[in-house]
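> my questions concern the predicted model and sequence given below.
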Amino acid sequence: MSLELQLVLEKLTRIEAGLEQLAKERTVKEWYTTAELAQILGKAEFTVREWCRLRRIHAEKRSCGRGSTLEWIVAHEELVRIQNHGLLPLPKRW
């Protein structure tokens, strides 16, 4: 194989990998788990779960297939709100 052809194939491989990564990042889901949200926002999953528990973000609980355990899920609209406006203030205690 010629050197020129090899260089073209290497470039195409890098372009393909870049496109796959971009498509993965740009995929819009209706709901995100705390692990997915943490990865998108660059935070620890524990931090995102605490935000849910403290009502710093709007989240819901759903069955996760592990018995009666429920897990937090966050809507795509809430992800966009967090990215644009940040966390909600802590709720006032009575």
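Happy to help now that I have it. Numbering: from 1, shown residues only.
> quick one, strands of this protein?
31-33, 60-63, 70-75 (DSSP state E).
> give the contact list for the residue nearest to Pro91 when sequence neighbours are not counted.
Closest residue to Pro91 apart from its sequence neighbours, by CB to CB, 6 or more residues apart in numbering: Arg55 at 5.4 Å. (C-beta placed from N, C-alpha, C; glycine too.) Contact analysis of Arg55 by CB atoms under 8 Å, 6 or more residues apart in numbering lists Leu88, Leu90, Pro91.
> surely the second one and Trp51 touch.
Meaning Leu90. No - using CB atoms under 8 Å, Leu90 makes no contact with Trp51, being 10.4 Å away.
> compare those two (neighbour count), which wins?
Trp51 (23 against 9; other CB atoms under 10 Å).
> give me the pLDDT for that one.
We note a pLDDT of 97 for Trp51 in this prediction.
> begin at 40 from now on, thanks
Sure, I'll start numbering at 40, so the last one becomes Trp90.
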